[in-house]
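Visitor: generate a structure from the sequence data that follows.
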Amino acid sequence: MENYALSCFHCVIVKIQILKFIQKYFPTNIGPMAYFMVFLQFFYMYQIHSAPNMGGFKFTLVGIGFIILSLFQTLLFFQIISTAFSFNKIALVISNMMFLGIFGLGTAYHFAAKEPFDAAIIIDNFSSIFNVESPGVMLSLLNLDALYYTAGFMGIWLFFEIWKKWISGYPQQKPYWPKIGSTLLLYVLIVAAPITAHDPYTHFFKTIYRYVFKPPVTIVYEAGTFPLIQNGESFNHIFPQSPSKPHVFIILVESLKESVILKKTDTHREITPFMNDLIQKSIYIPHFYGNSIQTSKGHFATLFSMIPSLTGKVFTKYPDIQAESIGTYLKKVGYTSHFVQAYHVETFDNTIPFLSQRGFEHALTITPYLKK
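Guide: I've put the predicted structure just below:
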């Protein structure tokens, strides 16, 4: 009996020590905002499941595992934020509201673009953020309904903060730094792990990690060769057999998706009737690889028959690269090549200077030809 009592006593001591360790190194005070963010993440996952073309997430056994993981990641992230700003009530409120807004922006982008936000979009286009057109472009990439919901949630939480102190009334207990260090380490390990993230925060940080640390893809081309450029003799039947050379136009259409070409609406009307007709009289290439949604990378893939850089823009990141454009090859058979850019700034993305040095005799903006 005495040994049993002593054993129970030791068990109690061990449990107390474990509890003290957890309370010291982990933020155990979970406030209403953290619970709400977990609920919001679950609702977000449900919307991904129910909405079409949102990434193919399904409520399978594996999918349920991803749901649980995403809920834990969201809770962990908000506990880190809560701990980091618990030193001041105003800072705690501002940080919670700010990251609620960021969550809303991430979901708004996902529902508009049909894919989660990638940090490379900011990194590769940072120099363009301050252009006059940028706010309008960025707003067009966001789902307005998601923004309205986010604004509504922020208003509700501001009301309850003023009334019930539902944010500032739940700070983490000191000491802060051990809690921040341990939870941040755990979160970093999750970000670095080869596991798909389904919450906006972790996905964003994973894209940063991939951008900086992913293994480089090296493609070695033999000097003077262009293996991706195919022999065009098989296309000779497309062009009329005449002494004069036909004019060649390459029209790059911004934001045109392959998913709408040759497709019809619910009322059985063709979405792209003119292009559908043109396909029957032209060379149609159904598979094109540009590995980006960026204009600059699409230009490089189209005009140089090369796969663009996975990170950064070739025109700006590798301005001295040796590459031959379609303009170079057309010049060899007697053509004069012109490139006309829609954007009015000649130095934008370094496109015009880059092309002017690689086979295009005339590269300019369309501005001088526009009528007022």
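Visitor: hang on, Ile250 packs against Ile283?
Guide: No - counting by C-beta atoms under 8 Å, Ile250 stays clear of Ile283, with 11.4 Å between them. Just so you know, the C-beta spots here come from the backbone N, C-alpha and C atoms, and that holds for glycine as well.
Visitor: how about the residue nearest to the spatial centre of the chain: what's its closest non-neighbour residue?
Guide: By C-alpha atoms, centre = their mean, the chain has its centre lying nearest to Asp118, at 2.0 Å. Spatially, and ignoring its direct neighbours in sequence, Asp118 is nearest to Thr207 (4.6 Å; C-beta to C-beta, 6 or more residues apart in numbering).
Visitor: from what I see, the one you found and Ala120 are in contact.
Guide: Yes - contact criterion C-beta under 8 Å: Thr207 and Ala120 qualify, at 6.3 Å.
Visitor: more neighbours: which of these two?
Guide: A direct count of neighbours by other C-beta atoms under 10 Å for Thr207 and Ala120 places Thr207 higher, at 21 against 17.
Visitor: ok, the more buried one - contacts?
Guide: Phe117, Asp118, Ala119, Ala120 (C-beta atoms under 8 Å, 6 or more residues apart in numbering).
Visitor: in helices, which of those appear?
Guide: In helices, defined here by DSSP state H, the members of the contacts of Thr207 are Ala119, Ala120.
Visitor: list just the nearest of the contacts of Thr207 to Tyr187.
Guide: Ala119 (16.0 Å; C-beta to C-beta).
Visitor: might one say that the closest one is in contact with Ile208?
Guide: Yes - the pair Ala119 and Ile208 qualifies as a contact (C-beta under 8 Å) at a distance of 4.5 Å.
Visitor: SS state for the closest residue to Thr295 other than its chain neighbours?
Guide: Excluding the flanking residues, the one nearest Thr295 by C-beta to C-beta, 6+ apart is Glu254, at 6.5 Å. Under DSSP: H, G, I helix; E, B strand; the rest coil, Glu254 falls in the coil class.
Visitor: thinking Glu254 is in contact with Ser296, fair?
Guide: No - with contact defined as C-beta under 8 Å, Glu254 does not reach Ser296; the gap is 11.7 Å.
Visitor: which of those two has more residues huddled nearby?
Guide: Ser296 (24 against 7).
Visitor: if we can go back for a sec, now do the helix or strand hosting the residue nearest to Asp118: distance to the chain's middle.
Guide: Remark: Thr207 resides in helix 200-213, with elements defined by DSSP states H and E. Relative to the chain's own centre, helix 200-213 is displaced by 9 Å; criterion: C-alpha atoms, centre = their mean, to the nearest Å.
Visitor: convert the helix or strand just after that helix to PDB, retaining C-alpha atoms only.
Guide: Using DSSP H and E, the helix or strand that directly follows helix 200-213 along the chain is helix 273-279. Extracted C-alpha coordinates of helix 273-279, given in PDB (Å, rounded to 0.1, in the frame of the first residue of the first chain):
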ATOM      1  CA  PRO A 273     -15.900  32.300 -81.600                       C
ATOM      2  CA  PHE A 274     -13.300  34.300 -83.600                       C
ATOM      3  CA  MET A 275     -10.400  32.400 -82.200                       C
ATOM      4  CA  ASN A 276     -12.200  29.100 -82.700                       C
ATOM      5  CA  ASP A 277     -12.600  29.900 -86.400                       C
ATOM      6  CA  LEU A 278      -9.000  31.100 -86.600                       C
ATOM      7  CA  ILE A 279      -7.700  27.800 -85.200                       C
END
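Visitor: name the residues that touch helix 273-279?
Guide: Counting by C-beta under 8 Å, 6+ apart, Ile261, Leu262, Glu270 sit against helix 273-279.
Visitor: tell me the one among these nearest to Ile162.
Guide: Ile261 (52.8 Å).
Visitor: and the closest residue in space to that closest one that isn't next to it in sequence, how many residues sit next to it?
Guide: Nearest non-adjacent residue to Ile261, counting by C-beta to C-beta, 6+ apart: Thr272, 5.4 Å away. Neighbour count of Thr272, defined by other C-beta under 10 Å: 17.
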